[in-house]
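>>> Predicted model follows, preceded by the sequence.
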Amino acid sequence: MSSVGRRAAIVASSLLFSVLAPAGAVSAATKPAPVKKPAVTAAPVKKPAVEKSTAKPATTTTKAVAATLDGRLAAVKAAKTINYYPSNAGWSAMWTNFDPLKIEADLTKAKALGADNVRVIVFPTAFGYPAPKADYAAKLSKFVSIADGEGLTVKLTLFDWWAGYTDTAGSAAWAKAVLTPYANDPRVLSVEVQNEFDPTDSRAVTWIKKIIPALRSAVPAMPLTASVSGTTGPDGLARIRTVLDATPLDYLDFHFYGNSERALAEIRKAQAAAGSFPIVIGETGVSTASGSEGDQAAYLARVFAAARVAGVGSVAPWTLSDFASGAIPSNSAVSRIPAQYKFGLYRADGSAKAAADVVRAYWAGQALTNSVLDLGFEASAANSPWRPYLAELGAADRVTGMAHTGTGSVRFTDTSRSDAGLPSVRTAPVPPVQAGQKWHAEVWARGQNVTGTTAIALSWFDANDKWLGQMQSKALPTGTTGWTKLTVDTTAPAGAASVQLHLKSGENKGIVWFDDVAMS
C-alpha cells in the first residue's frame, strides 16, 4: 500500500478509535532507580469465557521473517529494535489515548534511523482483564499494521507492573487471547512474558512457570523471553535461567543501564549467566535529565561497540522520544521520576539529539569511533561528554579564541591539589578495553606562567570499578609555552575493564589550555 493509502486508512480507523471510551489503571516499566512494584488488589476472578479478539492481522507484504520458532528467533537475535511510546502518551496512555497518525509518524522516524523492529508493552489493566476488550484488541491490530507499513516487525511485552500472581488461569486466558491472532503472523516477532520479572519473588516464579507452558500451547512458534531489572544485571539473568530450568524460555533479555565504560565486561558476564541461551540487550540508555546529550551519545556508542565485540547482535535503545510534561499518567510512580522523561533519542518537540546519529550509524553497520567524544572541545559544555574530576580544586572552563585548531579549548586557572590527586577533565573511549591491548593518547597543551603539574593520563579500572593504576605523560614545562604535544603510551593491565583519559593541571597559579585530544 502506498504511504498515501496507508495514511487514508489510518485516518479512517482513527475515527473509529475516537469514539471508544478507554479505561484502565496505569502500569509502568521501570528504568534505573526502579520503583517498587505496587501490590495489585482485585476482586477474585472467576474463569470467564475469553472474549475473542476482533483483530485480524493483515496479510504481510514487507517481511521476510519465517513464522517459525527458528525463523523468528534468528530475526530476534539480529533485530534493530527501538523501544517505543509516543512522546505525548507514555506507558498505558499509549493505548488509552491511541493516536494512529502520531504512531505512524513516529515509526516513520524510527525506520529512517534504521530500525526494523519495535517493542511495545501491552498492559492487562488497560486492555481489559481477563478478557481483552474488543476495541483494545483492534488497537493492537492497528499498531501491528502501522508498523508493518513502515517495514517494522513487532515485539510484544506482557504483564508489566503485574502482581496478580495468584490468578494463573486468568493470566493465561488473557495472554492467549492477546497473542493467538498473531500465532503464525510473521509481523510479530516474539513475546516477553513479563517486563523486568523478579526471579526472587516466589509467587512470581510459581506464576510464570504456569504461564510459559500455556503460551507454548497457544503460540508454539513464538519465541518467549523475560527480562530482569537493569539494576540486577547478570545475576538476575542467572536466577531466571535457574528458576525456569524446567520451563525454559527461548532467549534472555538483558536490560543494561550500568557504567558504559565497562559495558563489554558486563555483557560478557550476562552471556555467561545466560549459559546456552542467546541474549539480546532489550533496553539500554541514559537520561539527559541530569547528564548532557553528549553523555548520552557517548554512552550508547560504548554499549553498541561493546556488544559488537561480544557478538550480541540486537541492542535496543530506550526510548525513541522524550516525554512531554503530562505524557506519563499521573497515577504512575514513573511520572514522578524526572529522569524517565529524558531517555529519548529525540526531544519531545521532535528534534534530534546527538544520540540519534549514533544509533543511525550503528544500525547502518558503520564503525563507532571516538569522534563522538568532542575531542576538539568544539561542543558546548551542555553537549559534551567530558566530566570534571576534583573540580573543587580548580574547575576547567571552555573558552574560544585560544585553540590549537578550530575555535574552542578547555582551560584551567589557579588550581591546587590534594591527596586524591590533581583536578582534571575526563572521558572514556568508545572502543571497549581488553587486558593486554596497547593504548596511545595525546593532547596539545599550552601554558602561561605555569607553576604546577600539567599532563595527560590514562587510568585503569577493573570490572568492579577498582582502580588498577595509571600511566601519565611527561609534564608540560613550567613557565610560558606554545602549543606542545603531550603523549602517553601504555598497555592495559591484567583485569582491566575500562580506562579513563584525564587532562590534569594541579598546583598551577597560571593558565593552561588543552585541545585536540586523540586516543587509540
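Alright, I've got the coordinates. Because the structure is predicted, anything quoted here is derived from the model rather than measured. Residues are numbered from 1 along each chain as shown.
>>> give the contact list for Ala115.
Applying Cβ atoms under 8 Å, 6 or more residues apart in numbering to Ala115 gives the contacts 80-82, 152, 363. Backbone N, C-alpha and C define where each C-beta goes, glycine included.
>>> Kindly apply the preceding question to Gly408 instead.
Applying Cβ under 8 Å, 6+ apart to Gly408 gives the contacts 376-379, 398-400, 515.
>>> From these, list the buried ones, please.
The neighbour count (16 or more other Cβ atoms under 10 Å) marks 376-379, 398, 515 as buried among the contacts of Gly408.
>>> Among those residues, which pair sits farthest apart?
Farthest pair in these (Cβ to Cβ) is Ala379 and Asp515. Separation: 13.0 Å.
>>> I'd assumed Thr481 was in contact with Asn449.
No. Applying Cβ atoms under 8 Å, one finds Asn449 not in contact with Thr481, separated by 10.3 Å.
>>> ok so, going back, just flag the most distant two among the contacts of Ala115.
Comparing all pairs in the contacts of Ala115 by Cβ to Cβ, the longest separation belongs to Leu152 and Trp363, at 12.3 Å.
>>> Not counting residues beside it along the chain, what's closest to Ala226?
Phe197 (4.4 Å; Cβ to Cβ, 6 or more residues apart in numbering).
>>> Ala518 falls within a strand, correct?
Yes. Read with DSSP: H, G, I helix; E, B strand; the rest coil, Ala518 is one of the residues of a strand.
>>> show me the contacts for it.
Applying Cβ under 8 Å, 6+ apart, one finds that Ala518 lies in contact with 370, 375, 440-443.
>>> Thr108: what's it in contact with?
Listed by Cβ under 8 Å, 6+ apart, the contact set of Thr108 reads Glu150.
>>> so which helix or strand takes in it?
Under the criterion of DSSP states H and E, Thr108 resides in helix 100-113.
>>> Repeat that for Lys509.
Per DSSP H and E, there is no helix or strand for Lys509.
>>> didn't it look like it was pressed against Gln448?
No. In this structure Lys509 lies outside contact range of Gln448 using Cβ under 8 Å: 10.4 Å.
>>> before we move on, back to that, ok, Asn449 and Thr481, which is more surrounded?
Neighbour totals were compared for Asn449 and Thr481, and Thr481 leads with 15 against 12 (other Cβ atoms under 10 Å).
>>> distance of the more buried one from Ile456?
Thr481 is 15 Å from Ile456, where distance means Cβ to Cβ, to the nearest Å.
>>> Ok, Ala355 next?
Applying Cβ to Cβ, the value for Ala355 to Ile456 is 27 Å.
>>> Please apply the same query to Ile146.
For Ile146, the distance to Ile456 - Cβ to Cβ - is 51 Å.
>>> Out of Leu152 and Trp363, name the residue with the larger neighbour count.
Set Leu152 next to Trp363 and count neighbours by other Cβ under 10 Å: Leu152 wins out with 27 against 18.
>>> residues contacting the more buried one?
Leu152 sits next to 107, 110-111, 115-118 when contact means Cβ under 8 Å, 6+ apart.
>>> which stretches of the stretch 201-350 of the chain have low pLDDT?
Within the stretch 201-350 of the chain, no stretch has pLDDT under 70.
>>> residue ranges of the strands in it, please?
Assigned by DSSP state E, counting those that start in this stretch, the stretch 201-350 of the chain shows strands spanning 224-225, 252-256, 279-284, 315-317.
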